[in-house]
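# Sharing a sequence plus its predicted fold:
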Amino acid sequence: GAVVSQHPSRVICKSGTSVKIECRSLDFQATTMFWYRQFPKQSLMLMATSNEGSKATYEQGVEKDKFLINHASLTLSTLTVTSAHPEDSSFYICSASPSASGRRNEQFFGPGTRLTVL
Amino acid sequence: QQPVQSPQAVILREGEDAVINCSSSKALYSVHWYRQKHGEAPVFLMILLKGGEQKGHEKISASFNEKKQQSSLYLTASQLSYSGTYFCGTASNSGYALNFGKGTSLLVTP
């Protein structure tokens, strides 16, 4: 159990286009999902915390108008990179925290989405 | 705040042991350990909650000293498959997002 999927796994797009990344918890409900970004040879950096049914909380320095997050259900959160530029190229990883009491400390990561902006 | 991991990198021969440390300047509720191989997402190893517990998973175990705000990951009798980058993620409260250290690169050679 506790499987998180991401789609797509890899995307290449032209500068100026928008890209949507989906994060799904397949076998559990997740009130909270987190979006991280990882540049080559660096650590994972939290971008935003996504709560079902409410607005996402963004970390300092992350533009909320550029990285749109929608957490419409207990099993799906989406991240849309709007007007992508080459500097947005990165590995985007989501994690989901189970809603069930006693498991909220846990976080399970998706396989990641590698975005390349040309 | 980002926890500090040490060492930055370590090379082992198969069968040797290693310890990876993670320390924080803030009070911690939990410490999470992950291993990441190149081009892949992090894989969960274990979580430790405040209370000074120690956990084990086959030949990989970890301890968490809440008072010192430190955690250590112990790899015994290392295997080739242990190679990768190890990250500790810390949370200051239950259900909070994780702050990850910069990672420790581990290479196990034959």
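Here it is on my side, so go on.
# so how many other residues sit close to A:Thr116?
13 (other C-beta atoms under 10 Å in any protein chain shown). Any C-beta I mention is one placed from the backbone N, CA and C, and that applies to glycine too.
# measure it to B:Ser105 for me?
A:Thr116 is 24 Å from B:Ser105, where distance means C-beta to C-beta, to the nearest Å.
# One more: A:Ala48?
Distance from A:Ala48 to B:Ser105, by C-beta to C-beta: 28 Å.
# and these two? which has more neighbours close in?
More crowded of A:Ala48 and B:Ser105, by other C-beta under 10 Å: A:Ala48, with 23 against 16.
# Strands of chain B, residue ranges please.
B:4-6, B:9-13, B:18-23, B:30-36, B:43-49, B:54-57, B:60-65, B:70-75, B:84-91, B:99-100, B:104-109 (DSSP state E).
# Up against chain A, what does chain B have?
Contact residues (C-beta under 8 Å from any C-beta of the partner chain) of chain B with chain A: B:2, B:29-30, B:32, B:34, B:39-44, B:47, B:49, B:87, B:89, B:91, B:94-95, B:97-103.
# Write the PyMOL selection for whichever of these are buried.
Under the burial definition 16 or more other C-beta atoms under 10 Å in any protein chain shown, those of the residues of chain B next to chain A that qualify are selected in PyMOL by:
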select buried, chain B and resi 29+30+32+34+41+42+44+47+49+87+89+91+95+97+98+99+100+101+102+103
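# Kindly format the C-alpha coordinates of stretch A:89-97 as CSV.
Extracted C-alpha coordinates of stretch A:89-97, given in CSV (Å, rounded to 0.1, in the frame of the first residue of the first chain):
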residue,chain,number,x,y,z
SER,A,89,13.7,22.7,-16.0
SER,A,90,14.0,20.4,-12.9
PHE,A,91,12.8,17.2,-11.3
TYR,A,92,9.4,17.8,-9.7
ILE,A,93,8.4,15.4,-7.0
CYS,A,94,5.2,15.2,-5.0
SER,A,95,4.5,13.4,-1.8
ALA,A,96,1.3,12.5,-0.1
SER,A,97,0.5,12.2,3.6
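# what separates it from the chain centre, distance-wise?
4 Å (C-alpha atoms, centre = their mean, to the nearest Å).
# same thing with stretch B:83-99?
9 Å.
# Enumerate the strands of chain A by residue range, in sequence order.
Using DSSP E, the strands of chain A run over residues A:4-7, A:10-13, A:19-25, A:32-38, A:44-51, A:57-58, A:67-73, A:76-81, A:90-97, A:108-109, A:113-117.
# hey, least reliable of the ones you listed by pLDDT?
Lowest mean pLDDT within the strands of chain A: strand A:108-109, at a mean of 88.
# List the pairing partners of that one within its sheet, with orientation.
According to DSSP bridges, strand A:108-109 forms sheet pairs with strand A:90-97 (antiparallel).
# how deep is the closest residue to A:Ala2 other than its chain neighbours tucked in, by neighbour count?
Of all residues not flanking A:Ala2 in the chain, A:Phe108 sits nearest, at 4.6 Å (C-beta to C-beta, 6 or more residues apart in numbering or on different chains). A:Phe108: 20 surrounding residues under other C-beta under 10 Å.
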